[in-house]
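Asks: Please find the sequence and the predicted model below.
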Amino acid sequence: MEREASQQPEMPPAEPRMWPGKRLREAREARQLTREEAARQLHQEVTIIQALEEDDYASLPGQTYVLGYLRSYARLLKLPEDEIVAAVQIEQAETSELLPENIDYDKPVRLGTRGHRTWLYLVLIVLILAGLAGLFFSIPLPFDLGLLPSR
């Protein structure tokens, strides 16, 4: 067991402000793993590993998945999971699209169009059903079914 520990490559020390993706990539390279090998060990696609290393979280499914991928990848590389996840959350807070300087005020905003469309479809369905019911009850039956008492 001591022998295995001595053969483990040293992890690069964390810089004061190192992007999580860069830290993951450097740790993977220090362990002499390719992206393909890391993806295979994590049972993930290579594109996920690439996106994590490039801090391209927008191309991944959602924040919950991203945090899970990061934890698994950090665990594989023997990095502190909580530090990686915290760094990503800080990074995302710093680059938030909700900051006033990131809002595109010239982009038109459509309000309420979906609700109007729903009402239109509902009215059309009711009119079609009413028309079909009127058509059904206005056509005389060509034969007597024997359901009505005879006079």
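Replies: Good, I have the coordinates. Keep in mind it's a predicted model, so treat the numbers as computed, not measured.

Asks: Run a quick neighbour tally on Tyr57.
Replies: 22 (other CB atoms under 10 Å). All C-beta atoms are positioned from the backbone trio N, CA, C, and that covers glycine.

Asks: Excluding covalently adjacent residues, which one is nearest to it?
Replies: Val66 (5.0 Å; CB to CB, 6 or more residues apart in numbering).

Asks: Any regions of the chain where pLDDT drops low?
Replies: Residue ranges of the chain with pLDDT under 70: 1-18, 90-116, 141-151.

Asks: quick one: the helices in it?
Replies: 2-7, 20-30, 35-42, 46-53, 63-76, 81-94, 113-138 (DSSP state H).

Asks: Let me have these in CSV, adding mean neighbour count as columns.
Replies: What follows is those, written out as CSV (neighbours: other CB atoms under 10 Å):
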stretch, mean neighbour count
helix 2-7, 7
helix 20-30, 20
helix 35-42, 16
helix 46-53, 20
helix 63-76, 16
helix 81-94, 15
helix 113-138, 9
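
Asks: List the residues that contact Leu76.
Replies: 38, 41-42 (CB atoms under 8 Å, 6 or more residues apart in numbering).

Asks: correction: Tyr69
Replies: 42, 44, 48, 52, 60.

Asks: I figured the last one hits Ile49, correct?
Replies: Which is Leu60. No: look at Leu60 against Ile49 with CB atoms under 8 Å: they stay out of range, at 10.8 Å.

Asks: thinking again about what came up before, let me have the contacts of Tyr69 in CSV, extended by distance to Thr118.
Replies: Formatted as CSV, these follow (distance: CB to CB, whole Å):
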residue, distance to Thr118
Leu42, 43
Gln44, 39
Ile48, 37
Leu52, 40
Leu60, 32
